[in-house]
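Enquirer: Need the 3D shape of this:
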Amino acid sequence: MPITEPISLSRDCDVIEVPSGDAARLARGTRVRVMQSQGGSFTLTDDRGGMHRLDERDADAIGRTIKAAQTEALQGSLQEKMIWDELKTIFDPEIPVNIVDLGLVYAAAIDPVEDGKKIRIRMSLTAPGCGMANVLKADVEAKLARLPEVKEVNVEVVFDPPWNPGRMSEAAKLALGFDSDYGSQTAGGAFPIFR
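Expert: Numbers count the residues shown, from 1 in each chain. Sure, this is the predicted structure:
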(Lines give C-alpha, C1' and ligand atoms only; values in the text may rest on other atoms or scores of the structure.)
Protein backbone atom coordinates (compact mmCIF):
# COMPACT_ATOMS: atom_id res chain seq x y z
CA MET A 1 0.00 0.00 0.00
CA PRO A 2 1.46 3.40 -0.92
CA ILE A 3 1.89 6.02 1.77
CA THR A 4 -1.17 8.27 1.91
CA GLU A 5 -1.39 12.02 1.91
CA PRO A 6 -1.51 13.64 5.38
CA ILE A 7 -4.75 13.04 7.31
CA SER A 8 -5.85 14.94 10.42
CA LEU A 9 -7.29 12.65 13.09
CA SER A 10 -10.98 13.40 13.56
CA ARG A 11 -10.83 12.43 17.25
CA ASP A 12 -8.44 11.31 19.99
CA CYS A 13 -7.15 7.76 19.44
CA ASP A 14 -5.33 5.16 21.50
CA VAL A 15 -2.29 3.80 19.65
CA ILE A 16 0.72 1.59 20.24
CA GLU A 17 4.06 3.32 19.79
CA VAL A 18 6.41 1.64 17.31
CA PRO A 19 8.91 0.19 18.11
CA SER A 20 8.57 0.49 21.91
CA GLY A 21 5.13 -1.13 22.14
CA ASP A 22 4.03 1.48 24.69
CA ALA A 23 0.41 2.59 24.79
CA ALA A 24 -0.09 6.23 23.83
CA ARG A 25 -2.82 8.62 22.76
CA LEU A 26 -2.82 10.80 19.65
CA ALA A 27 -4.89 13.95 19.94
CA ARG A 28 -7.61 15.04 17.57
CA GLY A 29 -6.09 17.07 14.75
CA THR A 30 -2.75 15.22 14.78
CA ARG A 31 -1.54 14.93 11.18
CA VAL A 32 -0.65 11.37 10.18
CA ARG A 33 0.07 9.33 7.07
CA VAL A 34 -0.96 5.70 6.61
CA MET A 35 2.18 3.67 5.86
CA GLN A 36 0.56 0.24 5.91
CA SER A 37 -2.87 -1.29 6.46
CA GLN A 38 -2.75 -4.99 7.26
CA GLY A 39 -4.52 -7.43 9.54
CA GLY A 40 -6.97 -5.02 11.11
CA SER A 41 -4.51 -2.29 12.02
CA PHE A 42 -2.84 0.71 10.45
CA THR A 43 0.79 1.79 10.70
CA LEU A 44 0.85 5.58 10.92
CA THR A 45 3.61 8.17 10.93
CA ASP A 46 3.14 11.65 12.33
CA ASP A 47 4.76 14.97 11.35
CA ARG A 48 7.44 14.48 14.04
CA GLY A 49 8.54 11.17 12.50
CA GLY A 50 6.91 9.01 15.16
CA MET A 51 5.43 5.67 14.13
CA HIS A 52 2.22 4.31 15.64
CA ARG A 53 -0.07 1.27 15.34
CA LEU A 54 -3.77 2.17 15.15
CA ASP A 55 -6.35 -0.58 15.68
CA GLU A 56 -9.06 -1.04 13.07
CA ARG A 57 -11.76 -0.11 15.63
CA ASP A 58 -10.45 3.48 15.27
CA ALA A 59 -10.36 3.46 11.45
CA ASP A 60 -13.06 6.12 11.30
CA ALA A 61 -10.62 8.62 12.87
CA ILE A 62 -8.54 8.46 9.68
CA GLY A 63 -11.50 8.39 7.31
CA ARG A 64 -11.53 4.63 6.80
CA THR A 65 -14.39 2.19 7.19
CA ILE A 66 -14.45 -0.26 10.06
CA LYS A 67 -14.91 -3.75 8.65
CA ALA A 68 -17.63 -5.91 10.12
CA ALA A 69 -16.31 -8.10 12.92
CA GLN A 70 -16.03 -11.79 12.18
CA THR A 71 -18.15 -12.82 15.13
CA GLU A 72 -18.54 -16.43 14.00
CA ALA A 73 -14.86 -17.09 14.52
CA LEU A 74 -14.95 -15.50 17.97
CA GLN A 75 -17.84 -17.54 19.38
CA GLY A 76 -18.08 -21.04 20.77
CA SER A 77 -15.37 -22.94 22.58
CA LEU A 78 -11.72 -22.12 22.03
CA GLN A 79 -10.10 -24.18 19.27
CA GLU A 80 -6.47 -24.20 18.11
CA LYS A 81 -7.56 -23.13 14.61
CA MET A 82 -8.97 -19.91 16.11
CA ILE A 83 -5.55 -19.11 17.55
CA TRP A 84 -3.75 -19.64 14.24
CA ASP A 85 -6.41 -17.66 12.35
CA GLU A 86 -5.95 -14.70 14.73
CA LEU A 87 -2.15 -14.94 14.51
CA LYS A 88 -2.43 -14.68 10.72
CA THR A 89 -4.01 -11.22 11.17
CA ILE A 90 -0.89 -9.85 12.89
CA PHE A 91 1.67 -8.06 10.75
CA ASP A 92 5.02 -6.48 11.48
CA PRO A 93 4.39 -2.73 11.07
CA GLU A 94 7.07 -2.57 8.38
CA ILE A 95 6.59 -5.91 6.56
CA PRO A 96 3.40 -6.74 4.58
CA VAL A 97 3.42 -10.42 5.63
CA ASN A 98 1.71 -11.94 8.68
CA ILE A 99 3.79 -13.41 11.51
CA VAL A 100 2.68 -16.99 10.79
CA ASP A 101 3.75 -16.86 7.14
CA LEU A 102 6.99 -15.18 8.21
CA GLY A 103 7.64 -18.27 10.33
CA LEU A 104 7.89 -16.29 13.56
CA VAL A 105 5.38 -18.39 15.52
CA TYR A 106 7.04 -21.57 16.74
CA ALA A 107 4.29 -23.04 18.93
CA ALA A 108 0.83 -22.47 20.39
CA ALA A 109 -0.76 -24.31 23.30
CA ILE A 110 -4.05 -24.13 25.19
CA ASP A 111 -4.07 -24.88 28.93
CA PRO A 112 -7.06 -25.00 31.28
CA VAL A 113 -7.21 -22.36 34.02
CA GLU A 114 -9.92 -21.49 36.51
CA ASP A 115 -13.05 -20.42 34.60
CA GLY A 116 -11.42 -20.58 31.17
CA LYS A 117 -8.29 -21.14 29.12
CA LYS A 118 -4.73 -19.89 28.93
CA ILE A 119 -2.96 -19.55 25.59
CA ARG A 120 0.81 -19.95 25.46
CA ILE A 121 2.69 -18.74 22.40
CA ARG A 122 6.36 -19.28 21.65
CA MET A 123 7.58 -16.98 18.90
CA SER A 124 10.72 -15.40 17.55
CA LEU A 125 11.74 -12.32 15.64
CA THR A 126 13.70 -11.96 12.43
CA ALA A 127 16.69 -10.78 14.51
CA PRO A 128 17.45 -10.62 18.26
CA GLY A 129 17.75 -6.82 18.12
CA CYS A 130 14.46 -6.35 16.25
CA GLY A 131 12.79 -3.21 17.54
CA MET A 132 9.30 -4.58 16.84
CA ALA A 133 9.36 -7.15 19.67
CA ASN A 134 7.12 -5.19 22.05
CA VAL A 135 4.69 -4.17 19.30
CA LEU A 136 4.27 -7.69 17.97
CA LYS A 137 4.00 -9.17 21.46
CA ALA A 138 1.31 -6.61 22.38
CA ASP A 139 -0.61 -7.38 19.15
CA VAL A 140 -0.52 -11.12 19.83
CA GLU A 141 -1.68 -10.66 23.43
CA ALA A 142 -4.51 -8.27 22.49
CA LYS A 143 -5.87 -10.33 19.60
CA LEU A 144 -5.73 -13.67 21.38
CA ALA A 145 -7.31 -12.22 24.53
CA ARG A 146 -10.48 -11.55 22.48
CA LEU A 147 -11.02 -15.24 21.74
CA PRO A 148 -13.75 -17.13 23.63
CA GLU A 149 -12.89 -18.62 27.05
CA VAL A 150 -9.46 -16.94 27.15
CA LYS A 151 -8.50 -15.64 30.59
CA GLU A 152 -4.75 -15.34 30.06
CA VAL A 153 -2.25 -15.07 27.20
CA ASN A 154 1.46 -15.73 27.69
CA VAL A 155 3.80 -14.81 24.84
CA GLU A 156 7.40 -15.96 25.10
CA VAL A 157 9.87 -14.43 22.62
CA VAL A 158 12.72 -16.89 22.03
CA PHE A 159 15.83 -16.91 19.87
CA ASP A 160 16.69 -20.60 20.04
CA PRO A 161 16.42 -21.86 17.43
CA PRO A 162 17.14 -18.61 15.62
CA TRP A 163 14.74 -17.54 12.89
CA ASN A 164 15.91 -17.84 9.29
CA PRO A 165 14.24 -17.19 5.91
CA GLY A 166 13.72 -20.92 5.38
CA ARG A 167 10.91 -20.73 7.97
CA MET A 168 8.82 -18.47 5.71
CA SER A 169 5.88 -19.87 3.76
CA GLU A 170 6.05 -19.88 -0.02
CA ALA A 171 3.51 -17.01 -0.07
CA ALA A 172 5.74 -14.93 2.22
CA LYS A 173 8.80 -15.58 0.08
CA LEU A 174 6.90 -14.48 -3.02
CA ALA A 175 5.51 -11.37 -1.32
CA LEU A 176 8.99 -10.33 -0.20
CA GLY A 177 10.67 -11.15 -3.50
CA PHE A 178 12.64 -14.20 -2.31
CA ASP A 179 13.29 -17.15 -4.60
CA SER A 180 11.03 -20.02 -3.47
CA ASP A 181 14.11 -22.16 -2.72
CA TYR A 182 15.70 -19.41 -0.62
CA GLY A 183 16.56 -20.68 2.83
CA SER A 184 15.29 -24.22 2.22
CA GLN A 185 18.64 -25.69 3.23
CA THR A 186 18.63 -23.69 6.47
CA ALA A 187 15.07 -24.32 7.61
CA GLY A 188 16.24 -26.61 10.41
CA GLY A 189 13.25 -28.95 10.27
CA ALA A 190 9.94 -28.60 12.01
CA PHE A 191 9.13 -25.87 14.48
CA PRO A 192 9.77 -26.72 18.12
CA ILE A 193 6.81 -27.66 20.26
CA PHE A 194 5.97 -27.00 23.89
CA ARG A 195 7.36 -29.65 26.20
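
Enquirer: In a strand, Ser37, correct?
Expert: Yes - counting by DSSP: H, G, I helix; E, B strand; the rest coil, Ser37 is part of a strand.

Enquirer: what about the strands in the protein?
Expert: Along the chain, counting by DSSP state E, strands occupy 7-8, 13-18, 23-26, 31-38, 41-46, 51-55, 105-113, 116-123, 150-157.

Enquirer: tilt between the fourth one and strand 41-46?
Expert: Read that as strand 31-38. 150 degrees (axes from the mean of the first three to the mean of the last three Cα atoms, to 10 degrees).

Enquirer: in strand 31-38, what counts as buried?
Expert: If you call a residue buried by 16 or more other Cβ atoms under 10 Å, then strand 31-38 has these buried ones: Val32, Val34, Met35, Gln36, Ser37, Gln38. Using the backbone N, CA and C atoms, a C-beta is placed for each residue, glycine as well.

Enquirer: would you list the strands of the chain in a markdown table and tack on mean pLDDT and distance to Phe91?
Expert: Listed next are the strands of the chain as a markdown table, based on pLDDT from 0 to 100; distance: least, Cβ to Cβ, whole Å:
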| stretch | mean pLDDT | distance to Phe91 |
| --- | --- | --- |
| strand 7-8 | 94 | 20 |
| strand 13-18 | 89 | 12 |
| strand 23-26 | 92 | 19 |
| strand 31-38 | 88 | 4 |
| strand 41-46 | 89 | 7 |
| strand 51-55 | 89 | 10 |
| strand 105-113 | 96 | 13 |
| strand 116-123 | 97 | 14 |
| strand 150-157 | 96 | 16 |
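
Enquirer: Could you single out the most deeply buried of those strands?
Expert: strand 41-46 (a mean of 22; mean count of other Cβ atoms under 10 Å).

Enquirer: residues in contact with Leu102?
Expert: Asp92, Ile95, Thr126, Arg167, Met168, Ala172 (Cβ atoms under 8 Å, 6 or more residues apart in numbering).

Enquirer: From Ala172, how far out is it?
Expert: From Leu102 over to Ala172 the distance is 6 Å, taken as Cβ to Cβ, to the nearest Å.

Enquirer: Hmm, Val135 is touching Val18, no?
Expert: Yes - here Val135 reaches Val18: they are 5.3 Å apart, a contact under Cβ atoms under 8 Å.

Enquirer: Thank you, goodbye.
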